[in-house]
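Please work out how this folds:
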Amino acid sequence: MVGLLRPFGRAVTYTRLLHLFVAVVWPAVLQFVTDAWWIWGVAAAALVPAGLVPAMRTVEGLQARLLLTGHPPDRGGEGGKDGIVVAPSSTWEDRGRLVLWLEARLLLGCVTSLLVAQLLYAVVDLVASAAGDRPNGGVVGLLGPPQAWHIALVPVLLTALAAAVWGSGTLITALAVRLLGPSPAERLAALEERTEQLLERTRIARELHDSIGHALTVAVLQAGAARAADDPAFTRRALDAIEETGRAALEDLERVLGVLRDSGKPAGTRPTLTDADRLLESARASGAEVDADLTGPLEGVPGPVSREGYRILQESLTNVLRHAGPVPARVRVSVEGATLRLDVRNPLPADPPDPARGSGLRGIRERAALLGGSASAGPVGDDWQVHVELPVR
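I've put the predicted structure just below:
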């Protein structure tokens, strides 16, 4: 019993009824003034051109979301959790569905208004009949002269009234989701947007892994080397390197967290291959002997390729420090024609990483694949090599 009464404790049950009443107010007023039933036909005909106006979909969507679902008009964007779109009509299919919605709302509003009014009128008549007054006609008039037992029929009519209110509200809400919901094209656009958001978050997570992983690797190696050297001058240099690398990582972290907090904010300026010297100096400060050769017009490499190339170089140097320690490393970055080539080689460590495992190497391959390039990592003679080729056009 409590479950049956629960809908009538929610405000949305009554705002749905109000939504239906609003649809029939103006035809009802005109019909009352003119006493002409043909007004309803005129009202139905007038809804056709109204439904063809693109902005009408926004108006109806806002009303439906506020009164039928109880959601504020700005919640969930276009086609949110309630499935009702507030964007203007963009296709003739949208306009056609809007016309059907307006006609269905008018028809259901008219039927619901008449039914609710008649049931309320009958309840009042039954109470009056039970009190000894003669009914004013209608359905109660068919029961004959006033009788006290007529009061027993009041719960029946009240139940019917409650069913009419709940049922009409549920039906109009279902129609709103069907006729004011997103079209297939809008669903596809929303899916593509969601996919782009997920890809962006995946890219951010990968970038954060590269940046913070590099900073932590440098900090650990510098701290270990400073402790082993027991040299104040070396310790100062190590602390300077840790501070610089940590500050850069904090900047990356703050930028990434800002993007995650507000998906509408741009990702901001990210480092490119023209900033590779910062990576090389960081690796050298960690004790690695880096022999770098950067050739070709790196400043002319497209932004996405240059940014991803920087992260690939960062992860490659991080792997050198993490798995081999401060060993000699050879870095070759070149732009030859339509291809950006990146090679990082270092002496093979005693326990080389498995090329098929590890998020770092997987991230390098994924970055290259997304740009239409290729990446490989593994032993080459006595060295470990990461080789990446990315198209620049």
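
and the helix or strand residue 247 falls within, what's its mean pLDDT?
Element membership for residue 247 (DSSP states H and E) is helix 232-261. Average pLDDT, helix 232-261: 71.

That helix: what's the following helix or strand?
In N-to-C order, the element after helix 232-261 by DSSP H and E is helix 276-285.

Just the buried residues of that following helix, please?
276, 279, 280, 282, 283, 285 (16 or more other CB atoms under 10 Å). Using the backbone N, CA and C atoms, a C-beta is placed for each residue, glycine as well.

So which residues make contact with that helix?
Contact with helix 276-285 is made by 214, 218, 222, 237-238, 240-241, 244-245, 248, 271, 290, 292, 294, 298, 310, 313-314, 317, 320-321, 329, 331, 333, as judged by CB atoms under 8 Å, 6 or more residues apart in numbering.

change it to 6 Å
The list of residues contacting helix 276-285 from outside it, by CB atoms under 6 Å, 6 or more residues apart in numbering, reads 218, 241, 245, 290, 292, 313, 314, 317.

ditto for stretch 288-302
With CB under 6 Å, 6+ apart, stretch 288-302 has contacts from 273-274, 280, 283-284, 326, 328-335, 340, 392.

of all those residues, which two lie farthest apart?
326 and 392 (32.4 Å; CB to CB).

quick one on the thing from earlier: just the contacts of helix 276-285: which are in strands?
Counting by DSSP state E, these place 290, 292 in strands.

ok, so of the contacts of helix 276-285, who is nearest residue 18?
The closest of those, once distances to residue 18 are taken by CB to CB, is residue 314, at 59.9 Å.

Do a quick rundown of the helices in the stretch 101-250 of the chain.
Along the stretch 101-250 of the chain, the segments classed as helices by DSSP state H, counting those that start in this stretch run 154-179, 184-229, 232-261.

buried residues in stretch 87-106?
88-89, 94-95, 97-99, 101-106.

just those now: which is nearest residue 365?
residue 94 (43.1 Å).

And the particular helix or strand that has the closest one in it, what does it pack against?
Using DSSP H and E, residue 94 falls within helix 92-130. In terms of contacts (3 or more CB pairs under 6 Å, 6 or more residues apart in numbering; DSSP states H and E), helix 92-130 is packed against helix 11-34, helix 39-51, helix 154-179.

could you dump those helices to JSON lines with distance to residue 129 and mean neighbour count?
Shown next, in JSON lines, are the helices and strands packed on helix 92-130 (distance: least, CB to CB, whole Å; neighbours: other CB atoms under 10 Å):
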{"stretch": "helix 11-34", "distance to residue 129": "27", "mean neighbour count": "16"}
{"stretch": "helix 39-51", "distance to residue 129": "32", "mean neighbour count": "15"}
{"stretch": "helix 154-179", "distance to residue 129": "10", "mean neighbour count": "17"}
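
which stretch among those helices comes nearest residue 110?
Residue 110 lies closest, by CB to CB, to one member of the helices and strands packed on helix 92-130: helix 11-34, at 5.3 Å.

what angle separates the closest one from helix 154-179?
90 degrees (axes from the mean of the first three to the mean of the last three CA atoms, to 10 degrees).

pLDDT of helix 11-34, averaged?
On average, helix 11-34 scores 87.

how far does that helix sit from the chain's center?
Put simply, helix 11-34 sits 36 Å off its chain's centre (CA atoms, centre = their mean, to the nearest Å).

cool, stretch 58-74 as well?
20 Å.

again with stretch 5-25
30 Å.

quick one: residue 314 from residue 364, how far?
10 Å (CB to CB, to the nearest Å).

do the same with residue 11
In terms of CB to CB, residue 11 sits 55 Å off from residue 364.

Residue 314 and residue 364: who's more crowded?
residue 364 (26 against 23; other CB atoms under 10 Å).

Tell me how many other residues crowd residue 247.
Using other CB under 10 Å: residue 247 sits among 11 other residues.

what does the one 3 residues further on give?
Under the neighbour criterion other CB under 10 Å, residue 250 is assigned a count of 13.

do the same with residue 111
Neighbours of residue 111 using other CB under 10 Å come to 14.

With respect to residue 118, which of the buried residues of helix 276-285 is nearest?
residue 279 (80.2 Å).

From the buried residues of helix 276-285, pick the one nearest residue 382.
Closest to residue 382, out of all of the buried residues of helix 276-285 and judged by CB to CB, is residue 283, at 20.3 Å.

List the neighbouring strands of the helix or strand residue 334 falls within plus their orientation.
Residue 334 is part of strand 329-336, with elements assigned from DSSP H and E. Here strand 329-336 has these sheet partners by DSSP bridges: strand 290-295 (parallel), strand 339-347 (antiparallel).

Mind listing residues that contact it?
For strand 329-336, contacts defined as CB under 6 Å, 6+ apart pick out 288, 290-297, 320, 341-346.

try 8 Å
273, 276, 280, 283, 288-298, 300-301, 309, 313, 317, 320, 340-346, 392.
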